[in-house]
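>>> A predicted structure for the sequence below; I have some questions about it.
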Amino acid sequence: MGCSSAKQVSNQKTILVGKSEFLLPMRYASGETPKPPTNPNFPRLYSHNLCLFSERARLSWAAKGIKFQHCEVDLQNKAKWHVDVNGGTLPFVELPSGQFLLESRIIQDFANDYAKDQGLELYSKNAVVAAQQRLLMEKIGSFTSAFFPLYRSRGEDPEMIKTYAAVTLKEMEDWLKANLKGSKYLLGHSHPTMPDIHVIPIFERLLLFENSAFDEISKGLNIRQSAPTIYRYVSEFRQLDTFKPYYVREDAFHKCVKFIKALPPGQLAAYSLSFLD
Ligand SMILES: N[C@@H](CCC(=O)N[C@@H](CS)C(=O)NCC(=O)O)C(=O)O
């Protein structure tokens with residue numbers, strides 16, 4: 001994705017012709033590279049494939065069928081303008097007006113408000129169901145917090161993996177089973193809604209540990225056997241064409257964790273564009 005357009009960022013002289021040019025995915029190398037000019041026609045979503053918060057934003061925008069330009073950013077050596085925008089985190093959005101939208105959850109909800117009558121209905125029109133959807137998202141916050149220590153352990157803490165498998169994974173499997181209500185998506189919906197988009201990036205990453213440099217995590221969790229509902233849910237979700245360009249990529253995830261595994265114990269790596277090549 002986006003190689004030709006990556007060149008556009010480094011070559012500011014490229015002449016953009018026609019509106020569709022403004023939708024080309026692009027990459028921003030950060031550091032001293034000048035900020036890409038504001039897209040005059042479409043919102044631009046700055047993200048990195050491996051960032052789970054960015055993934056939630058991308059999936060929400062894709063679900064609503066919003067036309068946007070996707071710009072992947074190198075987080076290794078941040079540009080000053082990016083640090084000034086939001087401390088140098090992802091995701092964020094730049095509107096054609098030059099205004100910025102910050103924080104993944106707000107960017108997710110913006111998609112819903114901006115394209116209310118378009119694409120998938122992400123929150124139910126029934127206020128009670130919408131409240132239940134938001135309650136699920138509160139719970140997903142605890143699943144999100146529990147993921148990061150596991151990831152940071154790089155598969156090198158057998159006790160942590162054991163506890164995660166016995167407590168967190170079991171809780172998530174039971175939670176998913178109960179809340180699917182016999183359907184494919186949360187709360188019995190036949191299509192993904194906002195809580196699905198909120199939880200999928202965590203479940204996906206748990207599956208992506210398989211055959212990666214953090215394979216010890218995968219072996220310890222044994223998701224296919226111990227969390228078959230999560231396994232099936234993710235596998236089916238990743239087949240949906242609407243979202244395919246925006247999922248976390250298995251090859252990029254594996255490249256990143258392999259790189260981390262080669263670092264001294266305890267160290268992690270910033271999300272670099274090189275993981276996406
Ligand atoms: N509260 C923010 C958190 C976003 C966040 O933590 N993003 C990570 C990447 S997944 C980030 O940009 N970290 C800064 C860094 O890696 O330097 C949101 O939800 O948008």
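Arrived safely, thanks for sending. Since the structure is predicted, the reported quantities are computational estimates derived from the model, not experimental observations.

>>> use CA for all of it now, contacts and neighbours both
Will do.

>>> care to break the protein down by domain?
3-114, 127-241 (automatic domain parsing).

>>> what's the closest of those domains to Y247?
Y247 lies closest to domain 3-114 among the domains of the chain, at 6.6 Å (Cα to Cα).

>>> any idea of the mean pLDDT in that closest one?
The average pLDDT within domain 3-114 is 90.

>>> try stretch 226-237
98.

>>> just the buried residues of that stretch, please?
For stretch 226-237, the buried set under the neighbour-count rule, 16 or more other Cα atoms under 10 Å, comprises 227, 229-231, 233-234, 237.

>>> helices of the stretch 1-150 of the chain, start to end?
In the stretch 1-150 of the chain, the segments counted as helices under DSSP state H, counting those that start in this stretch are 3-10, 52-63, 80-86, 104-114, 127-152.

>>> so what secondary structure elements neighbour the shortest one?
By that I understand helix 80-86. Using 3 or more Cα pairs under 8 Å, 6 or more residues apart in numbering; DSSP states H and E, no helix or strand is in contact with helix 80-86.

>>> near the ligand at all, it?
No - applying Cα under 6 Å from any ligand atom, one finds helix 80-86 out of contact with the ligand, separated by at least 9.2 Å.

>>> give me the contact list for that helix.
31, 35, 88-89, 100, 102 (Cα atoms under 8 Å, 6 or more residues apart in numbering).

>>> the ligand: which of those residues is nearest?
T89 (3.1 Å; Cα to the nearest ligand atom).

>>> how many neighbours does that closest one have?
Per other Cα atoms under 10 Å, the neighbour tally for T89 reads 20.

>>> swap in A130?
By other Cα under 10 Å, 15 other residues sit near A130.

>>> likewise for D113?
Look at D113: counted by other Cα under 10 Å, it has 12 neighbours.

>>> again, but for A79
20.

>>> and for it, nearest residue in space, chain neighbours not counted?
Nearest residue to A79, sequence neighbours excluded (Cα to Cα, 6 or more residues apart in numbering): G31, at 4.6 Å.
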